[in-house]
Structures are given as C-alpha cells and as structure tokens.
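Engineer: quick one: sequence and predicted model below, then my questions.
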Amino acid sequence: MENATITDKDREMAHVCMECPCGKTARQEQKGLVFECVKNFAESVCPFCQAYEKVYGRKAHEPIPTV
C-alpha cells in the first residue's frame, strides 16, 4: 500500500469497521459466510473496510494480532 496520510476521518471510519458486527465476526471466526463476504466483497466496496486497511495496515478480515 502507498504511503498515504492517515486523517482523523480515516481513523473514525476504521473505528466503525472495528465495531461492525460483520467485521468483528470475520476477524474472530476466520471462517463461514460472513468471513467470505468481508474477504471477497466488502473490502472492495465498503469505505469502512478500506479505511481499516489504511489505518491498521491489514485487511478487515485478518485477525487482530495477539501480543
């Protein structure tokens, strides 16, 4: 991904993705219909998923890394 400037709006939109039931399920379950929808459809259409990728540097369906 290019080195684009992350704005406050990007952060707000990424937060919406973090709270989205579909995004949460996809990140937690890593399987099923919701996961496939987020992986194959939402990321190319949903501006919140796109902002999530821009802000966090990973796809909206990828699990949140644990420490």
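Structural biologist: Yes, it's here.
Engineer: so how far is the lengthiest helix in the chain off the chain centroid?
Structural biologist: Ranked by residue count, the top helix of the chain under DSSP state H comes out as helix 8-19. Distance, stretch centre to chain centre, for helix 8-19: 9 Å (CA atoms, centre = their mean, to the nearest Å).
Engineer: show me what the helix-or-strand element of the chain with minimal mean pLDDT packs onto, helices and strands only.
Structural biologist: One helix or strand of the chain scores below all others by mean pLDDT, DSSP states H and E: helix 43-45, with a mean of 88. Using 3 or more CB pairs under 8 Å, 6 or more residues apart in numbering; DSSP states H and E, the elements in contact with helix 43-45 are helix 47-56. From N, CA and C alone the C-beta is placed, and that goes for glycine too.
Engineer: could you give the average pLDDT over the helix it packs on?
Structural biologist: In this model, helix 47-56 carries a mean pLDDT of 95.
Engineer: which residues are contacting it?
Structural biologist: Applying CB atoms under 8 Å, 6 or more residues apart in numbering, the external contacts of helix 47-56 come out as 1, 4, 6, 9-11, 13-14, 16-18, 20, 23, 38, 42-43, 59-60.
Engineer: show me the shaky parts of this protein.
Structural biologist: 1-3 (pLDDT under 70).
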